[in-house]
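K.L.:
Sequence first, then the predicted structure:
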Amino acid sequence: MIRQREQALAARAGAMAIAVHALLLLVLVFSFNWKNVQPMNVAQVELWDSLPEPVPAPKPLPEPAPVPPVPEVKPEPPPPVPEPEPEIVIKPEPPKPEVKPKEKPKPEKPKPDPAVKQREEEKRKLEELQKMFAEEDRATQPAPAKAAPAGPTSAANAGEVDKYVARIREKIRGNVNKQLCGEGQPELEFQIAILPTGQLSRDPVMLKGSGNPACDQAVDRAIRASDPLPVPNDPTLFSNFRNLKLKFSPNGGS
Amino acid sequence: MNLTDIQPAADMSIVSLVTGASVPVQLVMLLLLLISLASWWYIFIKVFVLRRASEEAEDFEETFWHSSDLDQLYQGLTAGRRTPKGMASLFEAGYREFSRLKRQGGLDATVTTESVRRAMRAAYNREMDHLDAHLPFLASVGSVSPYIGLLGTVWGIMNAFLGLSNVAQATLTQVAPGIAEALIATAIGLFAAIPAVIAYNRFASSVDRLAIRYESFTEEFTNILHRKA
């Protein structure tokens, strides 16, 4: 390994080699502080707080606003002119084909009295149509519609949250292997973190066990298997599910 | 709302990365550390040896070209207890052969010169052997230790993904520490390889320059002896 004539140098070179490594190690240990907590916090703040604002606000406002003025203002001037009216009326309500046939008879009759009647009928129909649209909107997008009335009242929020907590509990209960938990009424408490998509953002943490490890594990597995969990679409309610403490008894009860 | 709660308390200092790695990866790291220590040891030894050889060659050329009497120079070199090194050993081998043939007498000048040249060639080879020592080791470290580090990394990442297959919810936080631990092995391998490659190239060129100096001295000294024969 070491030549005869290198022996005098070996000790000094060895010491220097060790010094180099010690220096390198010190630089590595003290120069890098690999903690990844702070950037993740920033990302989460953006995720939760930016979403709720724009979604409920624009939806309810534009729909009632533009539709009513159109039938009230526009139909009145053009009774003698048959052509432009259907065009104008069609524009605000493109999805409804019923509008066209109902409005065609009206411009054909230029007489004032039946025209007024028909206009009132028309208004009524339009209002019905609006209601239908609103109901359709509610059916297709339940969240914003519900969010608008439920937003300000905290009592309604609590009810909604309870509803979804119950649904979460039901879904988990369906996945628990009840044989592992025996006959009694064990009660467990889990802390689970749910993303807006209903997925678990991290592993569930058991706060209180049933005393039976097999049962604890069964419930833990059931929580994972229930992913995605049901969550409300209303973004303002998410804060309740981000860190949910869930009391749970596998054999029924609350 | 304690947001930090969502994150696992990940202390990713280099110490925890090394201690948290799996056993094969730790073995790879240990091996690489030993390799790195050895290569730095040889690097420092070679730095000293080559610097000293260069200085000695310089000094000897100075004394050689300024001395009028070669016999006196030879006596001075061999009088000491230590055997001459480097360029002095070439001179010593050549002059000893020359004076031995001279004492025998009756030999042709060409024969004497050839004999002296052979003696000096032998001394030159011995010197080159000393100068070239450990360079193959440095070359091996430079080419192989990245692969050893890579082996550790691949093994560690394999483990990280195997662990990932056992959980229902695959998140980055479950693989990231394993991959970071594994990548440390590659980092150590590169830390060992880079200095070794640089040192190898530098030492190889210094050895070449010394060899050229030795060879030119051999030629010049042979000429001088040829004139004296």
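P.N.:
Yep, it's here.

K.L.:
who in the stretch 51-200 of chain A is up against chain B?
P.N.:
A:193, A:199-200 (Cβ under 8 Å from any Cβ of the partner chain). C-beta: built from backbone N, CA, C; applies to glycine.

K.L.:
Now render those as JSON lines, adding secondary structure.
P.N.:
Output for those, formatted as JSON lines (DSSP: H, G, I helix; E, B strand; the rest coil):
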{"residue": "A:Ala193", "secondary structure": "coil"}
{"residue": "A:Gln199", "secondary structure": "coil"}
{"residue": "A:Leu200", "secondary structure": "strand"}
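
K.L.:
what packs against the helix or strand containing B:Trp155?
P.N.:
Using DSSP states H and E, B:Trp155 falls within helix B:135-164. Helix B:135-164 makes packing contacts with helix B:23-66, helix B:172-228 when contacts are defined by 3 or more Cβ pairs under 8 Å, 6 or more residues apart in numbering or on different chains; DSSP states H and E.

K.L.:
for the longest one, what is the average pLDDT?
P.N.:
In this model, helix B:172-228 carries a mean pLDDT of 91.

K.L.:
what about it, near chain A?
P.N.:
Yes. Looking at helix B:172-228 against chain A by Cβ under 8 Å from any Cβ, the contacts come from B:173, B:180, B:191.

K.L.:
Now do the same contact list for the last one.
P.N.:
Neighbouring residues of B:Phe191 by Cβ atoms under 8 Å, 6 or more residues apart in numbering or on different chains: A:24, B:36.

K.L.:
Go through the residues of the stretch 51-200 of chain A next to chain B and give me the one with the most neighbours.
P.N.:
A:Leu200 (19 neighbours; other Cβ atoms under 10 Å in any protein chain shown).

K.L.:
And for B:Leu73, the neighbour number?
P.N.:
B:Leu73, neighbours per other Cβ under 10 Å, totals 19.

K.L.:
Also B:Ser67?
P.N.:
13.

K.L.:
Check B:Glu114 too.
P.N.:
B:Glu114: 13 neighbours (other Cβ under 10 Å).

K.L.:
hang on, it in a strand?
P.N.:
No. With three-state DSSP as the criterion, B:Glu114 is located in helix rather than a strand.

K.L.:
For it, which residues are in contact?
P.N.:
By Cβ under 8 Å, 6+ apart, B:Glu114 has no neighbours at all.

K.L.:
And it, what's its pLDDT?
P.N.:
The model's pLDDT for B:Glu114 equals 92.

K.L.:
what's the distance between stretch B:14-23 and the middle of its chain?
P.N.:
31 Å (Cα atoms, centre = their mean, to the nearest Å).

K.L.:
Let's verify A:Phe190: helix, strand, or coil?
P.N.:
Criterion first, three-state DSSP; result for A:Phe190: strand.

K.L.:
related to what we said a few turns ago, buried residues in the helix holding B:Trp155?
P.N.:
B:135, B:137-139, B:141-142, B:145-146, B:148-153, B:155-157, B:159-160 (16 or more other Cβ atoms under 10 Å in any protein chain shown).

K.L.:
What segments of the stretch 151-254 of chain A are strands?
P.N.:
A:188-192, A:205-208, A:244-248 (DSSP state E, counting those that start in this stretch).

K.L.:
coming back round to it: take the helices and strands packed on helix B:135-164 and lay them out in JSON lines including distance to B:Leu101.
P.N.:
Converted to JSON lines, the helices and strands packed on helix B:135-164 look like this (distance: least, Cβ to Cβ, whole Å):
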{"stretch": "helix B:23-66", "distance to B:Leu101": "21"}
{"stretch": "helix B:172-228", "distance to B:Leu101": "10"}
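
K.L.:
To which secondary structure element type does the residue nearest to B:Ile45 when sequence neighbours are not counted belong?
P.N.:
Leaving aside its sequence neighbours, B:Ile45 sits nearest to A:Ala13 (Cβ to Cβ, 6 or more residues apart in numbering or on different chains; 4.4 Å). Reduced to three states with three-state DSSP, the structure at A:Ala13 is helix.

K.L.:
Show the contacting residues for A:Ala13.
P.N.:
Contacts of A:Ala13 (Cβ under 8 Å, 6+ apart): B:41-45, B:47-48.

K.L.:
Repeat the analysis, applying 7 Å as the threshold.
P.N.:
When contacts are counted by Cβ atoms under 7 Å, 6 or more residues apart in numbering or on different chains, A:Ala13 touches B:41, B:44-45, B:48.

K.L.:
gap between it and B:Tyr124?
P.N.:
26 Å (Cβ to Cβ, to the nearest Å).

K.L.:
By mean pLDDT, which helix or strand of the chain comes out lowest?
P.N.:
In the absence of a named chain, chain A is used. helix A:142-150 (a mean of 43; mean pLDDT, DSSP states H and E).

K.L.:
Switch to chain B, please.
P.N.:
Evaluated with mean pLDDT, DSSP H and E, the helix-and-strand set of chain B has its lowest mean pLDDT in helix B:14-20, which scores a mean of 78.

K.L.:
for that helix, which positions count as buried?
P.N.:
B:14, B:17-18, B:20.

K.L.:
Would you map out the domains in chain A?
P.N.:
A:69-140, A:151-248 (automatic domain parsing).

K.L.:
Enumerate every residue touching the closest residue to chain B within the stretch 101-250 of chain A.
P.N.:
Residue of the stretch 101-250 of chain A nearest chain B, by Cβ to the nearest Cβ: A:Arg224 (3.9 Å). Applying Cβ under 7 Å, 6+ apart, we find A:Arg224 in contact with A:200, B:168-169.

K.L.:
Apply 10 Å and report the result again.
P.N.:
Contacts of A:Arg224 were listed using Cβ atoms under 10 Å, 6 or more residues apart in numbering or on different chains, and they are A:172, A:175, A:192, A:200, A:203-204, B:167-169.

K.L.:
Around residue 227, count how many other residues there are.
P.N.:
This is for chain A. Counted with other Cβ under 10 Å, the neighbours of A:Asp227 add up to 17.

K.L.:
That was the other one, I meant chain B.
P.N.:
Neighbour count of B:Arg227, defined by other Cβ under 10 Å: 9.

K.L.:
From what I see, it and B:Leu70 are in contact.
P.N.:
No. The criterion here is Cβ atoms under 10 Å, and B:Arg227 misses it with B:Leu70 at 11.5 Å.

K.L.:
Quick check: B:Asn125 vs B:Tyr214, distance?
P.N.:
The value you get for B:Asn125 to B:Tyr214, if Cβ to Cβ is used, is 10 Å.

K.L.:
When those two are compared, which one has more neighbours?
P.N.:
Counted by other Cβ under 10 Å, B:Asn125 and B:Tyr214 do not tie: B:Tyr214 has more neighbours, with 22 against 9.

K.L.:
what sits against the more buried one?
P.N.:
B:Tyr214 neighbours (Cβ under 10 Å, 6+ apart): B:53, B:57, B:86-87, B:89-90, B:120, B:123-124, B:127-128, B:131.
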